[in-house]
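*Asks:* Structure for the following, please:
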Amino acid sequence: MPKGHATAEGTERYSNRFPQLRAAGHFRRPEQISGVNDLALSSIGLGTYLGEPDDATDQAYIEAIVTALRSGINLLDTAINYRHQRSERNIGAALAQLFRTGELNRDEVFICTKAGYLSLDGAMPEDPRGYFAREYIEPGILDPKQLVGGMHCMAPAYLENQIDRSSRNLDVETIDLFYVHNPESQLSEISREMFHQRLHQAFVMLEEQVKVGKLRYYGLATWNGFRVAEDAREHLNLFDVVKLAQEAGGQRHHFRFVQLPFNLAMTEAYVLANQTSGKEKMSLLAAASSLGVAAVGSATLYQSRLTHGLPDFVGQTLGMNSDAENAIQFSRSTPGLTSSLIGMRRKEHVQSNLKPASNPITPREQWSELFAQR
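*Replies:* From the prediction side, this is the model:
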């Protein structure tokens, strides 16, 4: 396994190979985030969620990932349960190819994965219950009492096991960023007090994983938690979460990232004041900035829903050549958003989706006009 992790020197070296993208502001450094603000990360990241768990999709993904890394995308996002671990392995195969030829160094790419859901291995087994019993329950890795909905677990032993598997799948010694995947789903069955206890226990383990060099940073990847109203059962308060990280790792803790959907149809991270600190209310993006946490946006094209039929004023404001490009430009121009993830399982997707990155970020005043017109 290649040693090391993404570094300031490595990501700077990578960005220098793409002068046009660099000049357009495609590579940015998260502001005011301890240990992260020296990394040059691409404003568009490659996601690996969609696709069948078959050989043809594997090959297409490997080609897309290689194309992305050769074209100016150095942030890769996956999860161990995506396509039954195959997406992680596709990233590992693409990285190995470029490392082997010397086209890419380990310190130039930022690798992100997630765990929390039960993960199959390569394909659906004939007896899923038997598989999970043999693989996880009988060895003592997973206690069924820690499962929520029969499918989600964030117990330390389980997450640690998944980190080891992810490291092997990705074929890297150190994972740059590990997310606890959709932790808010636990709140459907347990109290908030128990939820905080479980999250704290997970953070203690993750801090230890950083100390031994298996991880660089950790965070939460969410779907609803940071987007819903404050009184919703699934709501997460980032101030509470960071306090748990401080209890686990002190002021120099390594909880430095959150991920949530952000796109033209899902703007809550910017417009909804659902984060509370004392008497002050603010948006998730404002809270993340004040706490030294980088925010990454997922579902940039909302699974292709935003590639057609956008109102005319969106294109008039953002000035790109298509609805898809305008949707990408909107997300990557969002104040406080480090990178916007787009699922790209074919190399043609990479070539098309990178077009907005050659343009400067839309100025904040101009970008904000979209909210006045909606």
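*Asks:* And the helices in the chain, which stretches?
*Replies:* Along the chain, counting by DSSP state H, helices occupy 8-16, 19-23, 55-71, 86-101, 128-132, 156-170, 192-211, 238-249, 268-271, 284-291, 312-318, 323-332, 347-353, 364-373.
*Asks:* Can you name every helix or strand that the second one contacts?
*Replies:* In other words, helix 19-23. helix 8-16 (3 or more Cβ pairs under 8 Å, 6 or more residues apart in numbering; DSSP states H and E). Quick note: C-beta positions are derived from backbone N, CA and C, even for glycine.
*Asks:* got the angle for the helix it packs on vs helix 55-71?
*Replies:* 90 degrees (axes from the mean of the first three to the mean of the last three Cα atoms, to 10 degrees).
*Asks:* Just the CA atoms of helix 8-16, as PDB, please.
*Replies:* Extracted C-alpha coordinates of helix 8-16, given in PDB (Å, rounded to 0.1, in the frame of the first residue of the first chain):
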ATOM      1  CA  ALA A   8      -0.100  20.900   1.000                       C
ATOM      2  CA  GLU A   9       2.900  20.400  -1.100                       C
ATOM      3  CA  GLY A  10       1.400  17.500  -3.100                       C
ATOM      4  CA  THR A  11      -2.000  19.100  -3.800                       C
ATOM      5  CA  GLU A  12      -0.200  22.300  -4.800                       C
ATOM      6  CA  ARG A  13       2.000  20.300  -7.200                       C
ATOM      7  CA  TYR A  14      -1.100  18.700  -8.600                       C
ATOM      8  CA  SER A  15      -2.900  22.000  -9.100                       C
ATOM      9  CA  ASN A  16       0.200  23.500 -10.900                       C
END
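*Asks:* what mean pLDDT does it have?
*Replies:* Mean pLDDT, helix 8-16: 97.
*Asks:* same question, stretch 258-265
*Replies:* According to the model, stretch 258-265 has a mean pLDDT of 98.
*Asks:* Likewise for stretch 274-285?
*Replies:* On average, stretch 274-285 scores 96.
*Asks:* low pLDDT regions in the stretch 151-300 of the chain?
*Replies:* Along the stretch 151-300 of the chain, no part satisfies pLDDT under 70.
*Asks:* just to revisit the earlier point, if you compare the helices of the chain, which one is most tucked away?
*Replies:* Sort the helices of the chain by mean neighbour count, taking mean count of other Cβ atoms under 10 Å, and helix 323-332 sits at the top with a mean of 25.
*Asks:* and that helix with helix 364-373, angle?
*Replies:* 110 degrees.
*Asks:* gap between helix 323-332 and the chain center?
*Replies:* Centre-to-centre, helix 323-332 and its host chain are 18 Å apart (Cα atoms, centre = their mean, to the nearest Å).
*Asks:* and if you look at stretch 116-130?
*Replies:* That offset, for stretch 116-130, works out to 23 Å (Cα atoms, centre = their mean).
*Asks:* And it, what's buried?
*Replies:* By 16 or more other Cβ atoms under 10 Å, the buried positions in stretch 116-130 come out as 116-120.
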